[in-house]
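>>> heads up, no residue letters with this:
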């Protein structure tokens, strides 16, 4: 309980101490995303594959809203239940951030914090599939509510080109895991388990090239959840 109160106080203090810029027009950023995902439960199972999706981010003044939808196929392998290839995975993530660094027109290096609230849904659907050892697959859903807390370091290279270093810690508030066993056998009951602990972090490096009406951003990244 105490770490969650500290996290909430940090967000509130940042909202109070840094005043938002006024009078800026909103901006919409859309893009494509592709990445490799690996999920492991040591000694029990491993999943890996490639995900790709679409991102959209709307920013105005000190506030930003973003949405990610990604789809892919992963391979499952377990010494206990066998293996299944090409399992359908879907990830949906929505984030609302207080972010004073939405303006990238700085003339000198600038370090700014950001914080907010986010929801992440991951669907792993092996329903209708049978593993190499004869086990029937089912649909699983992982739900996380968390607060992104981080910093951005904007480094101007020229009037129209910038590097933006981003480091983020994801403070876990609440989660729940759904096992839709009925998708394997209609006689089974679905299960839902509450998750009270966890954390994540992510790092990325943006290369920003600003144009007269459109900007281009290339952003390699690393994301982790435990």
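Structure received. Since we're looking at a predicted model, the values are computed, not measured.
>>> what's the closest residue to residue 60 other than its chain neighbours in contact with, if anything?
Setting aside the residues directly before and after it, residue 60 is nearest to residue 26 in space (C-beta to C-beta, 6 or more residues apart in numbering), at 3.6 Å. All C-beta spots, glycine's among them, are computed from the backbone N, C-alpha and C. Residues in contact with residue 26 (C-beta atoms under 8 Å, 6 or more residues apart in numbering) are 58-60.
>>> Please check these and keep the buried ones.
Neighbour-count burial (16 or more other C-beta atoms under 10 Å) is assigned, among these, to residue 59.
>>> which of the contacts of residue 26 lies closest to residue 195?
For the contacts of residue 26, the minimum distance to residue 195 (C-beta to C-beta) is 29.7 Å, reached by residue 58.
>>> Three-state assignment for the residue of the chain positioned farthest from its centre, please.
The C-alpha centroid of the chain is most remote from residue 187, which lies 34.7 Å away (C-alpha atoms, centre = their mean). With DSSP: H, G, I helix; E, B strand; the rest coil as the basis, residue 187 sits in coil.
>>> quick check: mean pLDDT across whichever strand or helix holds residue 56?
Assessed by DSSP states H and E, residue 56 sits inside strand 45-60. The average pLDDT within strand 45-60 is 95.
>>> Going forward, the N-terminal residue is numbered 14.
Okay, using 14 as the starting number, the last item reads as strand 58-73.
>>> after it, next one along is what?
Using DSSP H and E, the next helix or strand after strand 58-73 towards the C-terminus is strand 76-91.
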